[in-house]
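> I'll drop the sequence and a predicted model, then ask my questions.
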Amino acid sequence: MFFVDTEFIQTLTITFKLATLTTLILVIIGVPIGYFLAYSKHKLKPILETLIAMPIVLPSTVIGFYFLIVFSPDTIIGGFFEKVLDLKLIFTFEGLVVASVIYSLPFMVHPVQSGFLSVPKSLIEASLTLGKSRIETFFRVLIPNIKPSILTGIVLSFAHTIGEFGVVLMVGGSIPGETKVASIAIYEEVEALNYDKAHLYSIILFIISFLILLSLFYINKKIVRADKL
Amino acid sequence: MIEIKVKKELSSVKETFKLDVDITIKNREFITIFGKSGVGKTSLLKIIAGLIQVDYGFIKINDQIWLDTEKNINLPPQKRKIGFVFQDFALFPNMTVEQNIAFAMAKKDKNFLKKVLEVTEIENIKHKKPDTLSGGQKQKVALARAIARKPTLLLLDEPFSSLDLETRQKLQEELKKIHDEFNLTTILVSHDFSEIFRLSDRVFLLEKGKIKKHGKPEDIFIQEKLSGKVKLTGQILNIEKEDIMYIITVLIGNNVIKIVAVEEEIKELNIGDNVIIATKGFNPFVLRTM
């Protein structure tokens, strides 16, 4: 196929690298946040809950626009990241990851939070009365019993990151080989009337996403069944 | 000797009341907390377990103080040696029966694990997951797990309420056996009449957060001294008028019987009341059934 060039491969690599990395970070931070939201009675909890849910309601361009403003090098936060941590977040891949994590946060936190809430309180109490610490209870009782919820969170975050457009365009700026992802590439190819290339991007995204989702749903079914043996 | 003194404001959907309890239990005694739902029975067990915090409390188990609000002593649930059997059994669905029980043990002890499985008669299902078990089996596993912790105090929160009568009676016998075998001190929460008579040495009657009476089950529930030769305990299912007489339908065990009564006798009786049916001065026939 004559139009499979380096840029094409790069764009797809960046797309899946971004989605994988974002999802990985979301598992690490999303599960503890979900735990906090499920069990905390803190009075600031509703505010945190609302903030996390905002990306569902807002157009992604709003998130992208604020991200640009907050992390631009002339602001205190942006300046701090650039000078102290030596991390540029505007028009870089790192910036894309941070923005995607914020943008997909509710898609990880919500399923995990409802997963925690669906675990009967008596299971936690039983574990405590059996002499186990909160941490041990978390890893040995809670996490194994909300596996399907975590998996749902992974699937949704991954899919949502691959599908995002506004945030990556504004924060990343579509720099080939650095921040250009498939969803933007498709748009650009269509604008340039390169329908064949747009087709190819689309079909690859479609197939790979389909296969990932299918295998995760399959695993999910197996987990649920394993608990009934 | 186990001393439990606790005070706590409890609020349910309907009302707010004060739980104010002061009980002393001898070692190896089997006691029952009896009362209607919503009088604070489960809360009391959870307070003893350290799962609910109190305004004022003092709990002493032999020489060990678990709770003393005045001296700021409050052991977390993990440090209190209790076996708690929850109403919904609270078995971990991700673990097999054997893993559930092993989870309760501070360190691996194959022999003890084997003994627990044997005594509770669940060896044949040890590789199964809780979701595949029957109610009675789950109950046994929950009991086995509580014992595996080697508790000083066994707390049972209406453990038989979701089981059918036959399973219930069988498990009550087993519980009695286990209580003796492992030298346990047991607090049972129940509102099942027959269960209390069968199992407990003493019963504490809890009403609106306060202990109204305590003593042997016979002394608590049998109001007057009867010299009857036949005594049956049961629950009134129905009272209906027929001509000038009344027919009371009573559930005893899993038998329903009808008793004729006059207006005078039914005055203080309501549907749902627990009653004793006694006959005096006559010798009933006892016939073997096939």
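That came in fine, so what should we check first?
> tell me if I'm right that B:Ile147 and B:Phe182 touch.
Yes - using Cβ atoms under 8 Å, B:Ile147 makes contact with B:Phe182 at a distance of 5.8 Å. Heads up, the C-betas are built off the backbone N, CA and C, glycines and all.
> what residues are shared contacts of those two?
B:Val119 (Cβ atoms under 8 Å, 6 or more residues apart in numbering or on different chains).
> so between those two, which is more surrounded?
For B:Ile147 versus B:Phe182, the count of surrounding residues by other Cβ atoms under 10 Å in any protein chain shown is larger for B:Ile147: 24 against 17.
> got a list of what the more buried one touches?
Contacts of B:Ile147 (Cβ under 8 Å, 6+ apart): B:Gly83, B:Val116, B:Val119, B:Thr120, B:Leu154, B:Ile178, B:Phe182, B:Leu184.
> recalculate using a threshold of 10 Å.
B:83, B:85, B:101, B:104, B:112, B:115-116, B:119-120, B:154, B:178-179, B:181-182, B:184 (Cβ atoms under 10 Å, 6 or more residues apart in numbering or on different chains).
> contact residues of chain A facing chain B?
Neighbours of chain B within chain A, by Cβ under 10 Å from any Cβ of the partner chain: A:119-134, A:136-137, A:140-147, A:223, A:226-229.
> any idea how far chain B is from the residue nearest to A:Gly64 when sequence neighbours are not counted?
Nearest non-adjacent residue to A:Gly64, counting by Cβ to Cβ, 6 or more residues apart in numbering or on different chains: A:Met170, 3.0 Å away. For A:Met170, the distance to chain B equals 43 Å [Cβ to the nearest Cβ, to the nearest Å].
> measure how buried A:Met170 is and give me the count.
Neighbour tally, A:Met170, other Cβ under 10 Å: 21.
> also A:Leu87?
15.
> next SSE after the longest helix along chain B?
When chain B is parsed with DSSP state H, its longest helix is helix B:165-181. Counting by DSSP states H and E, the next helix or strand C-terminal to helix B:165-181 is strand B:185-190.
> give me the three-state assignment for the residue of the stretch 151-290 of chain B found nearest chain A.
Of all residues in the stretch 151-290 of chain B, the one sitting closest to chain A is B:Leu155 (8.3 Å; Cβ to the nearest Cβ). Under DSSP: H, G, I helix; E, B strand; the rest coil, B:Leu155 falls in the strand class.
> what about it, distance to B:Asp20?
19 Å (Cβ to Cβ, to the nearest Å).
> neighbour count winner among the two?
B:Leu155 (25 against 16).
> quick one, what contacts the nearest residue to B:Glu218 once chain neighbours are set aside?
Using Cβ to Cβ, 6+ apart and skipping the chain neighbours, the partner closest in space to B:Glu218 is B:Phe197 (7.8 Å). Taking Cβ under 10 Å, 6+ apart, we find B:Phe197 in contact with B:Thr32, B:Val203, B:Lys216, B:Pro217, B:Glu218, B:Phe221, B:Thr233.
> other residues contacting the worst-scoring helix or strand of chain A on mean pLDDT?
For chain A, using mean pLDDT, DSSP states H and E, the weakest element among its helices and strands is helix A:76-79, scoring a mean of 82. Residues from elsewhere that reach helix A:76-79 (Cβ under 10 Å, 6+ apart): A:Phe67, A:Leu68, A:Ile69, A:Val70, A:Phe71, A:Ser72, A:Pro73, A:Leu87, A:Lys88, A:Leu89, A:Ile90.
> buried ones among those?
A:Phe67, A:Leu68, A:Phe71, A:Leu89, A:Ile90 (16 or more other Cβ atoms under 10 Å in any protein chain shown).
> dump those into TSV; add secondary structure and pLDDT as well.
Output for the buried ones among the contacts of helix A:76-79, formatted as TSV (DSSP: H, G, I helix; E, B strand; the rest coil; pLDDT from 0 to 100):
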residue	secondary structure	pLDDT
A:Phe67	helix	90
A:Leu68	helix	90
A:Phe71	helix	88
A:Leu89	coil	85
A:Ile90	coil	86
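> among these, which two are most distant?
Within the buried ones among the contacts of helix A:76-79, two members stand farthest from each other by Cβ to Cβ: A:Leu68 and A:Leu89, at 9.4 Å.
> show me the helices in the stretch 101-250 of chain B, by range?
B:110-119, B:135-148, B:165-181, B:193-199, B:217-221 (DSSP state H, counting those that start in this stretch).
> now those helices in TSV, with distance to A:Ile56 and mean pLDDT?
Output for the helices of the stretch 101-250 of chain B, formatted as TSV (distance: least, Cβ to Cβ, whole Å; pLDDT from 0 to 100):
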stretch	distance to A:Ile56	mean pLDDT
helix B:110-119	49	89
helix B:135-148	40	92
helix B:165-181	48	85
helix B:193-199	51	83
helix B:217-221	59	82
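> most tightly surrounded among the ones you listed?
helix B:135-148 (a mean of 23; mean count of other Cβ atoms under 10 Å in any protein chain shown).
> what angle separates that helix from helix B:165-181?
10 degrees (axes from the mean of the first three to the mean of the last three Cα atoms, to 10 degrees).
> how far does helix B:135-148 sit from the chain's center?
Its chain's C-alpha centre and that of helix B:135-148 lie 15 Å apart, by Cα atoms, centre = their mean, to the nearest Å.
> with that, I have no additional questions.
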